[in-house]
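Novice: Have a look at this fold, sequence not included:
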């Protein structure tokens, strides 16, 4: 793609669509796989801008380009890239983590280790997964890198004594220690952020190095940072092209290693709370405070105000509503552990033993229970054909998850015996041919999680539509989406049902939407209202300021409150979180509409406010917005001045 002729040919059809005005934005997947993402983005930006049609004032459209860039711990999207932001995995991780109770997750992790008899730390599992991918999945790519590295080393008297094995071992340590997907060093030089990343990887590699000395690690670091141009100018001059080629390929390699080791291996091996194992998330930081969430919003508004906000994509491990429901487990850690132990006991007859180990493994069994709960139909226990379809989907997911975990089976070396045992286990779990205590127990256990998960789903929907950035809606998520990883999330969407629901809701169907919440109508209603609000106040959402609001101490951990302001326009956003201890509503209802007492939110402008979602009127008085009044209809509210 660095070759102009290749770029031109690959983008010819895309260019025609831009010129016709058929495309208003470009979403670039896997940008880290390119040799020089910054150069590609600049070329794409200029290409699209030159072809775009002019508006009525004769101005050309400025391309809206977002890139699929997974940001690691403390990492930022390079400010030199001419794009509008990322495709939103960074936001997805934040918006999911804010609904995870930190103490509850810690308890879930302890329960998971006890159930699976796992004594390994998360860091050691990460390291093990990285080395597994290096040794098995991408070993040939490492060999190419070692070939180039050896040729570079042999070009200098100072480094020619490094053995091939020593170079390979050192390179493996460097890759295993890499803290982010990749760096972006080119012939243009290295930025401060990339310098810190490589220094951090070097420190970690040194701690794990068992060789005679660390000179070989220092040599590799000098190449990756281009410090060799200063330290050994004659060596750099003689090997410049080879060094730049090595650095480029190394950067492409670390991105692939991280994706396959973390997203496609670790996330299926270590899953005390499966919803925290998502693309873009850091398993070491599964939860987020409300204050940190506000800070991230302010930073996003200042640096990338038009970045995309995702809650689900074609590549997420599970749909947004499954994650929202599973997050509730962090509020029930002990009860969940007891339930899992009970299911493990009553399902003993469904398990088998292969070579002295249980099949399925304890980790796979635990993930099956979470997946069944997460994907359980909102409308209740499935029967007949619906149960058969549900069972087929869970079996397919369990087999894919086991292969991704690469423990008892894998894509490259599948174990037919293990996969048969796993499929049989899930099939018997979800069969109604005989009395089934597991199905009976899940049918009793799931309803409260269904309700609380729906509350989380509405909250994350309102956040996505009102936070700084551009909200993205994945196809099919207009109703409750209980899809699993691909290909489950690529099934045909029933758009006719959605059109029919919108027609039935009409302009004043809030009451109907709330009553039919199990069918997803309330989510569809909110989506429609939120998009209408964005259409009504485009400048507010595009450039409006962001103001966290003070919540009374008694409930501050259970409400996210903020205002968006632009000139004389203000909206106040209120969403609930961690609602397990809120009063239960009448049977069949979603929300109780009480439980906050006299607690209020302060900092909004005074006056009469109208909820853009329910049309209810609320007064913002001297003591603030009383939560029991503002949230009487729904666990979310978006309040606008009456005028």
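Specialist: That came through, no problem. Here the structure is a predicted model, which means the values were calculated and not measured.
Novice: quick one: average confidence on stretch 186-201?
Specialist: When the per-residue pLDDT values of stretch 186-201 are averaged, the result is 95.
Novice: sorry, that was for stretch 540-548
Specialist: On average, the pLDDT along stretch 540-548 is 96.
Novice: just how off-centre is it within its chain?
Specialist: Averaged C-alpha coordinates place stretch 540-548 at 24 Å from its chain's average position (CA atoms, centre = their mean, to the nearest Å).
Novice: ok, the helix or strand bottoming out on mean pLDDT in the chain: who's next to it in the sheet?
Specialist: One helix or strand of the chain scores below all others by mean pLDDT, DSSP states H and E: strand 617-621, with a mean of 88. The partner list of strand 617-621 in its sheet, established with DSSP bridges, is strand 607-611 (antiparallel), strand 624-626 (antiparallel).
Novice: wait, which of these is closest to residue 229?
Specialist: Closest to residue 229 of the strands paired with strand 617-621 is strand 624-626 (CB to CB; 60.1 Å). Glycine gets a C-beta too; all of them are placed from N, C-alpha and C.
Novice: residue ranges with poor pLDDT in the stretch 351-500 of the chain?
Specialist: Scanning the stretch 351-500 of the chain for pLDDT under 70 picks out nothing.
Novice: tell me which residues in stretch 437-452 are buried?
Specialist: 438, 439, 442, 445, 446, 449, 450, 451, 452 (16 or more other CB atoms under 10 Å).
Novice: Equivalent analysis for stretch 375-388, please.
Specialist: 375, 376, 378, 381, 382, 387.
Novice: just the strands paired with strand 617-621: most buried one?
Specialist: Scoring the strands paired with strand 617-621 by mean neighbour count under mean count of other CB atoms under 10 Å gives strand 624-626 as the most buried, with a mean of 22.
Novice: sorry, back to before: can you list the buried residues of stretch 437-452 in TSV and add secondary structure and distance to residue 38?
Specialist: Below are the buried residues of stretch 437-452 laid out as TSV (DSSP: H, G, I helix; E, B strand; the rest coil; distance: CB to CB, whole Å):
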residue	secondary structure	distance to residue 38
438	helix	53
439	helix	54
442	helix	50
445	helix	50
446	helix	48
449	helix	45
450	helix	46
451	helix	47
452	helix	44
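Novice: Pass me the low-pLDDT residue ranges in this structure, would you?
Specialist: Segments of the chain classed as low confidence (criterion: pLDDT under 70) are 507, 642-643.
Novice: most distant residue from the middle of it?
Specialist: Farthest-out residue of the chain from its mean C-alpha position, per CA atoms, centre = their mean: residue 157, at 47.8 Å.
Novice: Quick one: classify it as helix, strand or coil.
Specialist: Counting by DSSP: H, G, I helix; E, B strand; the rest coil, the backbone at residue 157 sits in coil.
Novice: from now on call the first residue 846
Specialist: All right, first residue 846 from here; so that's residue 1002.
Novice: Relative to residue 991, how far out is it?
Specialist: For residue 1002, the distance to residue 991 (CB to CB, to the nearest Å) stands at 21 Å.
Novice: Next: residue 1269.
Specialist: For residue 1269, the distance to residue 991 - CB to CB - is 44 Å.
Novice: can you redo the strands paired with strand 1462-1466 as TSV with distance to residue 1084?
Specialist: Formatted as TSV, these follow (distance: least, CB to CB, whole Å):
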stretch	distance to residue 1084
strand 1452-1456	66
strand 1469-1471	66
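Novice: And the ones you listed: which comes nearest residue 1019?
Specialist: Ranking the strands paired with strand 1462-1466 by their distance to residue 1019 (criterion: CB to CB) puts strand 1469-1471 first, at 53.5 Å.
Novice: what's the spacing between that closest one and its chain's center?
Specialist: Distance of strand 1469-1471 from its chain centroid, counting by CA atoms, centre = their mean, is 33 Å.
Novice: How about stretch 1163-1181?
Specialist: Centre-to-centre, stretch 1163-1181 and its host chain are 15 Å apart (CA atoms, centre = their mean).
Novice: where along the stretch 1096-1245 of the chain do the strands fall?
Specialist: Secondary structure of the stretch 1096-1245 of the chain by DSSP state E, counting those that start in this stretch: the strands cover 1153-1154, 1197-1199, 1202-1204.
Novice: about what we covered before: which positions in the least confident helix or strand of the chain come out as buried?
Specialist: Applying a neighbour-count criterion of 16+ other CB under 10 Å, the buried positions in strand 1462-1466 are 1463, 1465.
Novice: Could you list the domains of this structure?
Specialist: Listed domain ranges for the chain are 849-912, 968-1114, 1167-1293, 1385-1488 (source: automatic domain parsing).
Novice: In TSV: these, plus distance to residue 940.
Specialist: Written out in TSV, the entries for the domains of the chain read as follows (distance: least, CB to CB, whole Å):
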stretch	distance to residue 940
domain 849-912	17
domain 968-1114	18
domain 1167-1293	10
domain 1385-1488	10
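Novice: Surely residue 1481 touches residue 1458?
Specialist: Yes: with contact defined as CB atoms under 8 Å, residue 1481 reaches residue 1458; the gap is 6.7 Å.
Novice: any shared contact partners between these two?
Specialist: When contacts are counted by CB atoms under 8 Å, 6 or more residues apart in numbering, residue 1481 and residue 1458 have 1307, 1371 as shared neighbours.
Novice: out of the two, which sits in the busier spot?
Specialist: Each of residue 1481 and residue 1458 had its neighbours counted (other CB atoms under 10 Å), and the higher figure belongs to residue 1481 (26 against 23).
Novice: ok, for residue 952, nearest residue in space, not its chain neighbours?
Specialist: Using CB to CB, 6 or more residues apart in numbering and skipping the chain neighbours, the partner closest in space to residue 952 is residue 1178 (3.7 Å).
Novice: show me what contacts that neighbour?
Specialist: 949, 950, 952, 953, 956.
Novice: measure it to residue 948 for me?
Specialist: From residue 1178 to residue 948 the distance is 8 Å (CB to CB).
Novice: Okay then, goodbye and thanks.
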